[in-house]
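[1] Predicted model and sequence below, questions to follow.
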Amino acid sequence: MKKAALLIALFFISSTAFSQIDFKKGTVSEVLATAKAENKIVMVDVLTEWCKWCIELDNKVYAKKEVSDFANANLISYKIDAEKGEGVDFAKKYQIKGYPSILFLDGDGNEIDRIYGYVPAKDFLEMMQDYNKGINTFSYLKTEVEKNPSNIEASLKLADKYSMYSESDKAKELLSKIVEMDGSNAGGKTDDAKFRLILFTEKDEKAKQLEAFITDNPNSDQLKDAYVSVAETYYYELSDMPTADKWFKETLAKYPSDDAVNSSYGQYMNQVAVGFADKGTGPEDYNKGLGFIETALKYVAGSVNEASSYYIQSKLYFNLKEYSKALESVDKALKIFDRKLYREHKAKVEQQLSQK
């Protein structure tokens, strides 16, 4: 029991090591009571031990001074593990479907809005500021669109909210209305709506429509996302690696310094390497996998995905019976992300080394 408690403590220490936000301790009810007494809203970061993007949120968003300064001055901040203690019931109550999910609650526990998944610091700060003012929330946008159905900007934001809450039919209905209202894209939002609609289509049709969107909308602010989406669709949904590779390389050539593009390509390389680690049949396959990891590391350096790369690298070395190298790689992964999966793999490596 002591060891388990220590591991949990180490997780929370590592997950907040770079964060400058003052996350309160205590129960949910205690935190809500504090918020009510101080007339503030609560920002609840719902996480799990295995959530790598929760670590990225700590390191690259909560660590930003402008984010932490605003949160500490205006909000009551709190973290809760969805798989431990009262976090289990909390996640069920608020229908948490992915991690990280950041909920914004009033002092009575009513949801104001949420942020789903990893969001870059600039966007995260803007959303925190809006929710604290009570603007651009789900209820606010619904009211705005009801009052003025021709408000394209509010309609687009509301469609995104419906998508986040898995109400895809309502999202598609709003997006289609935007396209109908402004077919010439005079307001600059019709291309955004068209791009979002494509993401709801079936995988075969999605790839074709994304390619057409790229051709037809060369000046769209959604162009980068379209490039990334078509590459990812070919690989993850259609299992067409040659075409995916073509699109990834075109995307990298067009956006060579973009963090999101580099991250997407690095994760793609990681996934290819995982295939060789898990399904390879001999040294030739495992060495091919190591080659993909070397490429991945160039694109994921400084992110939590670097830990994934080192873990996969360790698995490949383990398959090659190069246990010292395997240990070195998994230790690098653990320095970035102290994850149970990595600790268990390290134990396997150490067991092999002890038998030498």
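    Structure's in. What do you need?
[2] Next up, the contacts around Ala333.
    Ala333 sits next to 307-311, 314, 339, 342 when contact means CB atoms under 8 Å, 6 or more residues apart in numbering. For glycine as for every other residue, the C-beta is placed from the backbone atoms N, C-alpha and C.
[3] And for Phe70?
    If you count contacts by CB under 8 Å, 6+ apart, Phe70 has them with 125, 128-129.
[4] wait, is it part of a strand?
    No. Using DSSP: H, G, I helix; E, B strand; the rest coil, the assignment for Phe70 is helix, not a strand.
[5] State the distance from the nearest residue to Lys254 once chain neighbours are set aside to Ser263.
    Nearest residue to Lys254, sequence neighbours excluded (CB to CB, 6 or more residues apart in numbering): Tyr227, at 6.5 Å. Between Tyr227 and Ser263 the computed distance is 14 Å (CB to CB, to the nearest Å).
[6] Which of the two has more residues huddled nearby?
    Regarding Tyr227 and Ser263, a neighbour count based on other CB atoms under 10 Å identifies Tyr227 as having more, with 25 against 18.
[7] Report the buried residues of the strand or helix carrying the more buried one.
    Secondary structure here is read from DSSP states H and E; on that basis Tyr227 sits in helix 223-232. Buried residues in helix 223-232, counted by 16 or more other CB atoms under 10 Å: 223, 225-232.
[8] Ser329 is in contact with Ala307, isn't it?
    No. Ser329 sits out of contact with Ala307 when judged by CB atoms under 8 Å, with a separation of 10.3 Å.
[9] who touches Thr295 in this structure?
    Residues near Thr295 by CB under 8 Å, 6+ apart: Met269.
[10] where does it land in three-state SS?
    The three-state label for Thr295, taken from three-state DSSP, comes out as helix.
[11] Please work out which residues outside the helix or strand hosting Ser139 touch it.
    Secondary-structure assignment from DSSP H and E places Ser139 in helix 138-147. When contacts are taken as CB under 8 Å, 6+ apart, the neighbours of helix 138-147 outside the stretch itself are 113, 134, 151, 154-155, 157-158, 161, 165, 174.
[12] Could you name the specific helix or strand carrying the most centrally placed residue in the chain?
    Most central in the chain under CA atoms, centre = their mean is Tyr118, positioned 3.6 Å from the mean C-alpha point. Using DSSP H and E, Tyr118 sits in no helix or strand.
[13] In this structure it contacts Lys52, no?
    No. At 9.2 Å, Tyr118 does not count as touching Lys52 under the criterion of CB under 8 Å.
[14] what's the spacing between Phe138 and Glu167?
    Distance of Phe138 to Glu167, given as CB to CB: 10 Å.
[15] quick one: which of the two has more around it?
    Neighbours were counted for Phe138 and for Glu167 using other CB under 10 Å; Phe138 has more, 19 against 13.
[16] how much space between that one and Asp285?
    Taken as CB to CB, the span from Phe138 to Asp285 is 48 Å.
[17] Can you show me the strands along the stretch 51-200 of the chain?
    In the stretch 51-200 of the chain, the segments counted as strands under DSSP state E, counting those that start in this stretch are 75-81, 101-105, 111-116.
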